[in-house]
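[1] Here's my sequence, what's the structure:
(one chain, ligands or ions: 1)
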Amino acid sequence: MTQKRVVLVTGGMGGLGETICTKMADAGYKVAATYSPGNKTHDDWVAQMKKRGYDVLAVPCDVADYDSCQVCVAKIQADVGPVEILVNNAGITRDMTFKKMDKVNWDAVLRTNLDSVFNMTKPVCDGMVDRGWGRIINVSSVNGSKGAFGQTNYSAAKAGMHGFTKALALEVAKKGVTVNTISPGYIATKMVTAIPQEILNSKILPQIPVGRLGKPEEVAGLIIYLASEEAAFVTGANIAINGGQHMQ
Ligand code: CAA
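    Here you go, the predicted structure:
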């Protein structure tokens, strides 16, 4: 039997991350997920996933910290094998108008959402190149393409991810490794339901032609496609999945 390919999903216990993990496992991959070291519910999460039939390797990792990412990838490699598909999904928001934005909230979002992409790609990319096969999928946001009120930090980080994608895609294209960005719009996860209901109803939902929030399963389906053999010719792309909210 051929070995299952190993996929690493950062922020794997979050709203989007958990669905990416379960759908990737359903698609036949061995799934490893990072969780933030401060998260005390990881044992319960792993147990719950087991009950649902998913054997996910959960690894603590501060994605904003370079050394933590090295240690995390080394552990995954030792336990289940080299990471062949990396989904840079971990992200946070610290929404506030620029007037109120301080350095702490700028740095927190840039480090977790953008530095993390460097930190996590670094320890897996050379191995992908050496093996002649790999997939790096960066989960950005519609707000990295169009900007969003209250998100100078988040929009900057999410836009930066796609610059990284395009540059690295060029460097590894001949080596069987693809690098892509996906830019989800407003998806029904905790991050979005935390937006004040009045703002969601009056400012955001009316901008979505499909007329509803996206579903995590819809985003996971796109990731499964990008991880597949059939997607080998898709690289350096930024694929929008936003219900028509922003068309480029
Ligand atoms: N567009 C235009 N105007 C807006 C606006 C918007 N999206 N959001 C708020 N405003 C306006 C308000 O109507 C208000 O106007 P008035 O003064 O004329 O009444 C003014 O801005 C101030 O608004 P608030 O009182 O809400 O100001 P605040 O400082 O308390 O909060 C905020 C500002 C934090 C930005 C808050 O409005 C907010 O949380 N907005 C949502 C931000 C958002 O969309 N975040 C996305 C999170 S989901 C995500 O990031 C996932 C993803 O990738 C898509």
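
[2] For the residue positioned nearest the centre of the chain, which residues are in contact?
    The centroid of the chain falls nearest to Asn89 when counting by Cα atoms, centre = their mean (1.5 Å). The neighbours of Asn89, taking Cβ atoms under 8 Å, 6 or more residues apart in numbering as the test, are Val9, Thr10, Gly11, Gly12, Gly14, Leu16, Gly17, Ile20, Val139. Every residue, glycine included, has its C-beta placed from N, CA and C.

[3] The ligand versus the residue nearest to it when sequence neighbours are not counted, what's the distance?
    Closest residue to Asn89 apart from its sequence neighbours, by Cβ to Cβ, 6 or more residues apart in numbering: Val139 at 4.4 Å. For Val139, the distance to the ligand (Cβ to the nearest ligand atom, to the nearest Å) stands at 9 Å.

[4] Please apply the same query to Gln245.
    9 Å.

[5] With Cys72 instead?
    24 Å.

[6] what do you get for Lys51?
    Relative to the ligand, and taking Cβ to the nearest ligand atom, Lys51 is found at 29 Å.

[7] Then Gly160?
    On the measure of Cβ to the nearest ligand atom, Gly160 and the ligand end up 14 Å apart.

[8] Would you mind naming what in this protein lies close to the ligand?
    Residues of the chain lying near the ligand by Cβ under 6 Å from any ligand atom: 93, 95-97, 141-143, 148-151, 154, 185-186, 191-192, 195-196, 199, 203-204.

[9] Buried among these? Make that a ChimeraX selection.
    Applying 16 or more other Cβ atoms under 10 Å to those, the buried members can be selected in ChimeraX as follows:
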select :93,95,141,142,143,148,150,151,154,185,186,191,192,195,204
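
[10] quick revisit: what number of residues lie near the residue nearest to Asn89?
    For Val139, the count of nearby residues is 26 (other Cβ atoms under 10 Å).

[11] Got phi/psi on it?
    When quoted as degrees, to the nearest 10, the phi and psi of Val139 stand at phi -90, psi 100.

[12] which SS state does the closest residue to Thr93 other than its chain neighbours fall under?
    Closest residue to Thr93 apart from its sequence neighbours, by Cβ to Cβ, 6+ apart: Tyr154 at 5.5 Å. At Tyr154 the chain is in helix, as set by DSSP: H, G, I helix; E, B strand; the rest coil.

[13] For Trp94, give me its contacts.
    Careful, residue 94 is Arg and not Trp. Asn105, Ala108, Val109, Asn153, Tyr154.

[14] Dump those to JSON lines, plus pLDDT.
    Converted to JSON lines, the contacts of Arg94 look like this (pLDDT from 0 to 100):
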{"residue": "Asn105", "pLDDT": "98"}
{"residue": "Ala108", "pLDDT": "98"}
{"residue": "Val109", "pLDDT": "98"}
{"residue": "Asn153", "pLDDT": "98"}
{"residue": "Tyr154", "pLDDT": "98"}
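
[15] Buried by neighbour count, from those: which ones?
    Of those, these count as buried by 16+ other Cβ under 10 Å: Asn105, Val109, Asn153, Tyr154.

[16] sorry, back to before: adding secondary structure and pLDDT, write the contacts of Asn89 out as TSV.
    Formatted as TSV, the contacts of Asn89 follow (DSSP: H, G, I helix; E, B strand; the rest coil; pLDDT from 0 to 100):
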residue	secondary structure	pLDDT
Val9	strand	98
Thr10	coil	98
Gly11	coil	96
Gly12	coil	95
Gly14	coil	91
Leu16	helix	97
Gly17	helix	97
Ile20	helix	98
Val139	strand	98
